[in-house]
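Novice: Give the three-dimensional model of this entry:
(one chain, ligands or ions: 1)
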Amino acid sequence: MSKPLRIGMIGYGFMGRAHSNAYNRVANFFKLEHTPVLQAVCARDEEKAKAFAETWGYKSIETDWRKLIARDDIDAVDICTPNNLHKEIAIAAAQAGKMILCEKPLAMNVAEGEEMCAAVEKAGVANIVWYNYRRIPAVTFAKQLIDEGKLGRIFHYRANFLQDWTISADLPQGGQGLWRLDSAAAGSGVTGDLLAHCIDTALWLNGGISDVTAMTETFIKERKHTLTGKMEKVTIDDACSFLCHFQNGSLGLFESTRYARGHKALYTLEINGEFGSIKWDLHDLHRLQWFDYRDAGNLRGWSSIHVTDGDHPYMNKWWVPGLAIGYEHSFVHQVADFCESLSTGKPAGPTFRDSLETQKVCDAVLKSAAEHNWQKV
Ligand code: SOE
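Specialist: Numbers count the residues shown, from 1 in each chain. Okay, the predicted model is just below:
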């Protein structure tokens, strides 16, 4: 007998759509005891909330997030707002005893993240952060291979997240869709928006980071602010690169920018170990590039594993072997794992506590870039 997990979604942008799609799809493909029900969506603009509810099948709307949290027909709150609202909403939701699914990054900074962790842990409510790339089957498969020791000792971890959508100086900052350029709403630029994804995956695959040294740049110094109509200083990082040491002794190299002409969402990672290496690329997301030094010398070479077999992570839930799935499925997998965790009682990561570690790396990266030095995490 299925138990409804009544979702109250706050926010309705790009991520609101990705999450709603996942809630709608999951029960068609995964056998779950707890299944999401789209109970209410909340947006300040009533017409927009109604239109969103109609498109995605939410049963009702709210225009004040406090009212949504107070409702006793909501089990879980999904926070899809700009980052500056995560803390207040999450703490209020935890105090109201709601489970929480929070968009990434967890918070504006570590101090906020710590308060959020304390709130969910005190309330004892299930919580998760939407670092979705862990649940792309090829990335999950990489985790399996590493945990099985297939790469041996790890020497290098390299990741990039490259985009090019903010190169025009005419692009304003602030407001709908453009809050990512406004540090008052986003906290940081590419560090919290893009590198946070790379860091979450890295911590999951390769363990903790002990120290970092970083550089950031803001290429366009002033942009018109959508809300004030005035030219205002841009205080987000447009680009950020950092070096780090992992606790396992390996070296890390990370780069992210929104100024890499030609790249829309090129998230790549490469890990080099004692016995082999793996490479993955979001533009070719169902493939894992694999090199095994232990293969016979005359056969040794990079192979491209099509991660679409029934014995690859999540794939037996979808189509027949060989048929690929895409970006949106990572969100479906996250919902499936979250629902499953409610049955098993074993938390699905990344929890708020896990994501606080990512936040600590982000804060250390930004501090290092500001002070031109190495920072301990
Ligand atoms: C920014 O363009 C963005 O949408 C991020 O906010 C997402 O987290 C990332 O997955 C794709 O790029």
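Novice: Can you give me the neighbour number for the residue in the stretch 151-300 of the chain that the ligand sits nearest to?
Specialist: Among all residues of the stretch 151-300 of the chain, D193 sits closest to the ligand, at 4.8 Å; criterion: Cβ to the nearest ligand atom. Where C-beta positions appear, they are placed from N, C-alpha and C, glycine not excepted. Using other Cβ atoms under 10 Å, D193 has 23 neighbouring residues.
Novice: contacting residues for the closest residue to R258 other than its chain neighbours?
Specialist: Of all residues not flanking R258 in the chain, T166 sits nearest, at 4.2 Å (Cβ to Cβ, 6 or more residues apart in numbering). T166 makes contact with 181, 220, 238, 258-259, according to Cβ atoms under 8 Å, 6 or more residues apart in numbering.
Novice: go on, K279?
Specialist: Per Cβ under 8 Å, 6+ apart, neighbours of K279: 268-270, 288-289, 302.
Novice: Kindly report the same for I69.
Specialist: Taking Cβ under 8 Å, 6+ apart as the test, what I69 contacts is 8, 77, 89, 92-93, 96, 98.
Novice: Low-confidence stretches in the stretch 251-377 of the chain?
Specialist: For the stretch 251-377 of the chain, no stretch has pLDDT under 70.
Novice: what residues does the stretch 251-377 of the chain put near the ligand?
Specialist: A265 (Cβ under 6 Å from any ligand atom).
Novice: quick one: secondary structure of I305?
Specialist: strand (DSSP: H, G, I helix; E, B strand; the rest coil).
Novice: Give me the distance between it and the ligand.
Specialist: Distance, I305 to the ligand, by Cβ to the nearest ligand atom, to the nearest Å: 23 Å.
Novice: does that residue have beta-bridge partners, and which?
Specialist: Beta-bridge pairing of I305 under DSSP bridges involves L288.
Novice: That one: what's it in contact with?
Specialist: Applying Cβ under 8 Å, 6+ apart, the residues near I305 are 138, 141, 287-290.
Novice: Look at the closest residue to E274 other than its chain neighbours and say how many residues are nearby.
Specialist: Spatial nearest neighbour of E274, excluding adjacent residues (Cβ to Cβ, 6+ apart): G152 at 3.1 Å. By other Cβ under 10 Å, 13 other residues sit near G152.
Novice: what about G152, which SS state?
Specialist: coil.
Novice: wouldn't it be in contact with F275 here?
Specialist: Yes. G152 is within contact range of F275, at 4.1 Å (criterion: Cβ atoms under 8 Å).
Novice: returning to that earlier point: please pick the buried ones from the contacts of K279.
Specialist: Neighbour counting with 16 or more other Cβ atoms under 10 Å marks 268-270, 288-289 as buried within those.
Novice: Grab the two from the contacts of I305 that are most spread out in space.
Specialist: F141 and Q289 (11.8 Å; Cβ to Cβ).
Novice: from the contacts of I305, which is closest to D363?
Specialist: Nearest to D363 out of these is A138 (Cβ to Cβ; 29.6 Å).
Novice: Under a three-state scheme, what state does the closest residue to T226 other than its chain neighbours occupy?
Specialist: Excluding its sequence neighbours, the residue lying closest to T226 (Cβ to Cβ, 6+ apart) is G175, at 3.2 Å. Three-state call for G175 (three-state DSSP): coil.
Novice: before we move on, what about T308?
Specialist: coil.
Novice: For it, grab phi and psi.
Specialist: phi -140, psi 20 (degrees, to the nearest 10).
Novice: Contacts only, for it.
Specialist: Taking Cβ under 8 Å, 6+ apart, one finds 137, 286, 315, 321-325 in contact with T308.
Novice: Same question for L85.
Specialist: Shown in contact with L85 (Cβ under 8 Å, 6+ apart): 10, 65, 79.
Novice: any idea how far it is from the ligand?
Specialist: For L85, the distance to the ligand - Cβ to the nearest ligand atom - is 15 Å.
Novice: Kindly report the same for N109.
Specialist: In terms of Cβ to the nearest ligand atom, N109 sits 18 Å off from the ligand.
Novice: Show me where the stretch 101-250 of the chain has its helices.
Specialist: 110-123, 137-147, 183-186, 190, 196-206 (DSSP state H, counting those that start in this stretch).
Novice: Report the distance from the second one to the chain centre.
Specialist: The reference is to helix 137-147. Distance, stretch centre to chain centre, for helix 137-147: 17 Å (Cα atoms, centre = their mean, to the nearest Å).
Novice: one step back: next up, phi/psi of the residue nearest to R258, please.
Specialist: phi -110, psi 20.
Novice: pLDDT wise, what is it at?
Specialist: pLDDT, T166: 97.
Novice: What of the one 10 residues further on?
Specialist: pLDDT for Q176: 84.
Novice: which helices and strands does the lengthiest helix in the chain pack with?
Specialist: If you go by DSSP state H, the chain has its longest helix at helix 352-371. Other elements packing on helix 352-371 under the criterion 3 or more Cβ pairs under 8 Å, 6 or more residues apart in numbering; DSSP states H and E are helix 110-123, strand 127-129, helix 196-206, strand 209-217, strand 239-246, strand 374-376.
Novice: For that helix, buried residues please.
Specialist: Applying 16+ other Cβ under 10 Å to helix 352-371 flags 352-366, 368-369 as buried.
Novice: do the same with stretch 195-205
Specialist: 195-205.
Novice: Adding pLDDT and distance to the ligand, write those out as TSV.
Specialist: As requested, the buried residues of stretch 195-205 are exported to TSV (pLDDT from 0 to 100; distance: Cβ to the nearest ligand atom, whole Å):
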residue	pLDDT	distance to the ligand
L195	98	11
A196	98	8
H197	98	6
C198	99	11
I199	99	12
D200	98	10
T201	98	11
A202	99	15
L203	98	16
W204	98	16
L205	98	17
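Novice: Now the closest residue to N132 other than its chain neighbours: phi and psi?
Specialist: Counting by Cβ to Cβ, 6+ apart, N132 lies nearest to S330, which is 4.1 Å off, once chain neighbours are set aside. Note on S330: backbone dihedrals following degrees, to the nearest 10 are phi -60, psi -30.
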